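# Quick one: sequence plus predicted model below, questions after.
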Amino acid sequence: MQTIKFPYFILFIAFLGFSNCDLEKSVELDLPTYENQLVVECYLEVGKPFNAVISESVSFFAPTDLPLVEGATVTITHRGEVYSLSAGIYSDTSTAIPRFFNYGNEMVCPPHYNEDFTINVIDKQGRSVTATTQILEPVPIDTLEVIWKEDSSEEVALIFTRFFDPPETDNFYRRTFQKGGELGRGTNEQDFTTTDNFADDNNQIVFGSDFNFYKNDTIISTIYNIDKAYYDFQESMQDAINSNGNPFGQPGVVKSNIEGGIGIFTGISFDRKMMIID
């Protein structure tokens, strides 16, 4: 696993100090040269085309948008077959938030779970990155349970999502929970990543909501079975975002599984249940 540090958040402290002093003095800061790196973001999902975003990292003081990389050679290899991804504009509008990609292939990802997929990227400068991942089997949701609040002047409920954690391995999950009848167009009540370390003695995991639901509300509960690389990536990204807003915090560290670059290459599998509360 590779870690990449976002540079020099500590400089904000210096700037804050200078702004509070009534001094006119030039200060020269000797910053080391930042070396841009390839950034890869690629998610494999059974039945969907191979798509990827290939961009380039920038220094902290550069504009926030990552420049897209043109003219790269992008391949995904699986079971000896090589899928070449061509440059272009590709989209996936079936997700809660539509996603767009600058490399893709019309071939869809096969339903081969727990087997290696490898991505390789070489750009026009000769920079090369690679990563290997697997698509984990979905973990099914067992039940959605409505619990009505007692001793309340109004009929309001919370929802329990119950599922059983496979006991033979350490597992990681992303949990999303939405209020609204169409995926991505309702209210996002929950979206977080977690481990399986709070499964009970029967290997059951229960996610609960707030008392925020009424009769005829539609809810959508989703459990993603993710690998450790994606869990670490998501957690470190959130930590980096949090530290960015705090000049006294430690610089953010993003954990990446891309060898020679930054980003994430991972498989996505999930189980989802929709329910109208009655």
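Structure received.

# What segments of the stretch 151-278 of the chain are helices?
228-244 (DSSP state H, counting those that start in this stretch).

# Low-confidence ranges, it, go.
243-252 (pLDDT under 70).

# Show the residue spans covered by the strands in it.
Along the stretch 151-278 of the chain, counting by DSSP state E, counting those that start in this stretch, strands occupy 157-164, 172-179, 187-195, 204-208, 218-226, 253-256, 262-267, 270-276.

# what residues does the second one touch?
By that I understand strand 172-179. 96, 139, 159, 161, 184, 186-196, 205, 207, 209, 212-213, 217-228, 230-231, 234 (Cβ atoms under 8 Å, 6 or more residues apart in numbering). All C-beta atoms are positioned from the backbone trio N, CA, C, and that covers glycine.

# Give the PyMOL command for selecting the buried subset of those residues.
The buried subset of the contacts of strand 172-179, as determined by 16 or more other Cβ atoms under 10 Å, is captured in PyMOL by this line:
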select buried, resi 96+139+159+161+186+189+190+193+194+196+205+207+209+213+217+219+220+221+222+223+224+225+226+227+230+231+234
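
# re earlier: between the strands of the stretch 151-278 of the chain, which gets nearest to residue 125?
Residue 125 sits nearest to strand 262-267 of all the strands of the stretch 151-278 of the chain, at 15.6 Å, using Cβ to Cβ.

# Next, the angle from that closest one to helix 228-244.
Counting by axes from the mean of the first three to the mean of the last three Cα atoms, to 10 degrees, strand 262-267 lies at 140 degrees to helix 228-244.

# let's number from 39 now, not from 1
I'll keep to 39 as the first residue from here, and by that count the last item is strand 300-305.

# After the longest strand that the chain contains, which helix or strand is next?
Counting residues, the longest strand in the chain under DSSP state E turns out to be strand 119-130. The helix or strand immediately downstream of strand 119-130 is strand 137-146, counting by DSSP states H and E.

# Give the pairing partners of that following strand; include direction for each.
strand 87-94 (antiparallel), strand 119-130 (antiparallel) (DSSP bridges).

# I'd like those as JSON lines, with mean pLDDT, mean neighbour count and distance to residue 162 appended.
Converted to JSON lines, these look like this (pLDDT from 0 to 100; neighbours: other Cβ atoms under 10 Å; distance: least, Cβ to Cβ, whole Å):
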{"stretch": "strand 87-94", "mean pLDDT": "96", "mean neighbour count": "22", "distance to residue 162": "11"}
{"stretch": "strand 119-130", "mean pLDDT": "96", "mean neighbour count": "14", "distance to residue 162": "11"}
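
# May I see those strands organised as TSV, with distance to residue 306 added?
Output for the strands paired with strand 137-146, formatted as TSV (distance: least, Cβ to Cβ, whole Å):
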stretch	distance to residue 306
strand 87-94	12
strand 119-130	11
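
# ok, back up a step: what does the longest strand of the chain contact?
Contacts with strand 119-130, where a contact means Cβ under 8 Å, 6+ apart, come from 86-90, 108-115, 136-143, 145.

# Which among the residues you listed count as buried?
Judged by 16+ other Cβ under 10 Å, buried ones among the contacts of strand 119-130: 87-90, 110, 112-114, 139-143.

# circling back to that earlier point, residue 164: which of the strands of the stretch 189-316 of the chain is closest?
strand 300-305 (17.5 Å).

# Can you list the strands that that closest one pairs with?
strand 76-82 (parallel).

# contacting residues around the strand it pairs with?
Against strand 76-82 from outside (Cβ under 8 Å, 6+ apart): 88-95, 104, 107, 114, 147, 155, 157, 159, 161, 165, 167, 169, 171, 173, 296, 298-306.
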